[in-house]
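1. Would you be able to build a 3D model of this:
(one chain, ligands or ions: 2)
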Amino acid sequence: MNAQQNIAILGSGNIGLSLAKGLVAANICKPNQVILTRRNVAALDEYAEQGYQTTSVNTKAVKKADIVVLAVLPQQLNKLLDEIKPVIKSEKQLLVSVISGVSCEDIRKHLEVNVQVIRAMPNTAIAIGQSMTCIATDNGTQKNINLVRSLFDTVGVSIQINEELMTSATALCACGIAFFLRSIRAASQGGTEIGFHAHDALRMAAQTAKGAADLLLQLSSHPEQEIDKVTSPKGCTIAGLNEMEHNGFSSAMIKGIKFSAQKAGELYPNDEA
Ligand SMILES: NC(=O)C1=CN([C@@H]2O[C@H](COP(=O)(O)OP(=O)(O)OC[C@H]3O[C@@H](n4cnc5c(N)ncnc54)[C@H](O)[C@@H]3O)[C@@H](O)[C@H]2O)C=CC1
Ligand SMILES: O=C(O)[C@@H]1CCC=N1
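-> Numbers count the residues shown, from 1 in each chain. Ligands and ions are numbered 1, 2, ... in the order given. Purely as a prediction, here's the structure:
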C-alpha cells in the first residue's frame, strides 16, 4: 500500500482488529490509513486514541477506501451489503472478504455491481504476524491477487487456492488455531496432573508444540519421521502415543475438522434477526 491509500475494515471484531494490528505492526500502513467500523463505535475508542480512523458509518468508510475488507459475521453480511451498495464503485474499490462460507459471486450478486472480490481466510495469529492465510477469487486480476497476497504475506504466510476449497481452508487453518490451542491446553492439564504448576505446564506445553511445528516447517519433514525419532523401543513415548490413539486422538481431530468444514459451508445465508 502506498501512503495515499486507505483500507476500510467493515466489522472490527476479533479478526478485523487482528488484521488491523498486524498490518500496522508490519509497517504496511499507518493507523490513520486504516478506517475501522463497528456498530458500537465507542468499543473502538482505544484504537481512535492510537490514530486509527473509526466510525459506525460504513458508507463513509467505503467512500474513503481503496481496499474494503468485509469482516462481519456471515449472518450480518446481507444487511451490511445493503448499506454499502450505493457507494461501491467497481472501478474504485477492491473488496476483500474474510467471511466464512460466502462466495465471491454471492457478494457481487447481492451488490449488483461487477466489483472485484478476493476472499482471504486468515487466522487470529495474524495479530502477531503468524497467520496461515488462504486466498481465492473468481474475478480478481492477478495484480490485485498479488496485492492482497503481499498484504497477508507480511502478517504470516499466504497461499492461493481454488475457491471451492475455502470452506475446507476455514476449518483447517482459521478454526485450526482453536483446535491446536485446545490440544496445548489439554497437554498442560496433563502436565499439571503429573506435577507442574499450571502456568509452568502451559508454557512448557506451548513451547513443545512450537518446537514440533518448527521441526516440520524448518526441516520440511513428515510428522511420522519426527515421531520415529522420539519413540524409543519399549519406551514411554510410544506407550503414551498408543494410549492416546486407543482413545481416538487422531480420529477426534479428523472428525472435528470434517464437521467444522461442513458447518463452514452452511453459515450463509442465515440472516441475523
Ligand atoms: N475469528 C476468527 O478467527 C476468524 C473469523 N473469520 C470470519 O471473520 C468474520 C468475523 O468474525 P469475528 O471477527 O470472529 O466476529 P466478531 O463478532 O468478533 O466481529 C464482527 C464485528 O462486526 C461488527 N458488525 C456487525 N455488523 C456490522 C455492521 N453492519 N457495521 C459495522 N460493524 C458491524 C460487530 O459488532 C463485531 O464487532 C466472520 O465472518 C468469520 O467467519 C475468518 C477467519 C478467522
Ligand atoms: O468460528 C467461526 O465461525 C469463525 C470462522 C473461522 C474462525 N472463526
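2. switch to C-alpha atoms for all contacts and neighbour counts from now on
-> Will do.
3. show me where the stretch 1-150 of the chain has strands.
-> 7-10, 34-37, 53-55, 67-70, 94-97, 116-121, 131-137 (DSSP state E, counting those that start in this stretch).
4. So what's the residue count around the residue of the stretch 151-273 of the chain found nearest ligand 1?
-> For the stretch 151-273 of the chain and ligand 1, the shortest gap (Cα to the nearest ligand atom) falls at Ala174, measuring 4.7 Å. Neighbourhood size, Ala174 [other Cα atoms under 10 Å]: 23.
5. Over to Ala127?
-> Around Ala127 there are 23 residues (other Cα under 10 Å).
6. what's the nearest residue to the residue of the stretch 151-273 of the chain closest to ligand 1 once chain neighbours are set aside in contact with, if anything?
-> Distances taken as Cα to Cα, 6 or more residues apart in numbering put Asn123 closest to Ala174, at 4.5 Å, once the chain neighbours are dropped. Listed by Cα atoms under 8 Å, 6 or more residues apart in numbering, the contact partners of Asn123 are 15, 131-133, 173-175, 177.
7. Is any residue of stretch 177-187 near ligand 1?
-> No. Judged by Cα under 6 Å from any ligand atom, stretch 177-187 makes no contact with ligand 1; its nearest approach is 7.7 Å.
8. Name the surrounding residues that touch that stretch.
-> Contacts for stretch 177-187 (Cα under 8 Å, 6+ apart): 123-125, 202, 205-206, 209, 253.
9. hey, where'd the helices end up in the chain?
-> In the chain, helices defined by DSSP state H lie at 14-25, 45-49, 58-64, 74-84, 104-111, 142-153, 166-169, 176-193, 198-219, 223-230, 236-246, 249-264, listed in chain order.
10. count of neighbours near the closest residue to Asp82 other than its chain neighbours?
-> Spatial nearest neighbour of Asp82, chain neighbours left out: Leu111 (7.2 Å); criterion: Cα to Cα, 6+ apart. Per other Cα under 10 Å, the neighbour tally for Leu111 reads 18.
11. gap between Leu111 and ligand 2?
-> 23 Å (Cα to the nearest ligand atom, to the nearest Å).
12. and that residue, what is it in contact with?
-> 81-82, 85.
13. what residues does the stretch 151-273 of the chain put near ligand 1?
-> So far as Cα under 6 Å from any ligand atom goes, the stretch 151-273 of the chain lies against ligand 1 at Ala174.
14. which parts of the stretch 151-273 of the chain sit against ligand 2?
-> 170, 174-175.
15. Thr237 and Val230 touch, don't they?
-> Yes. With contacts counted by Cα atoms under 8 Å, Thr237 reaches Val230, the gap being 6.8 Å.
16. For Ile99, grab phi and psi.
-> phi -80, psi 130 (degrees, to the nearest 10).
17. right, and it touches Gln76 too?
-> No. Using Cα under 8 Å, Ile99 makes no contact with Gln76, being 10.1 Å away.
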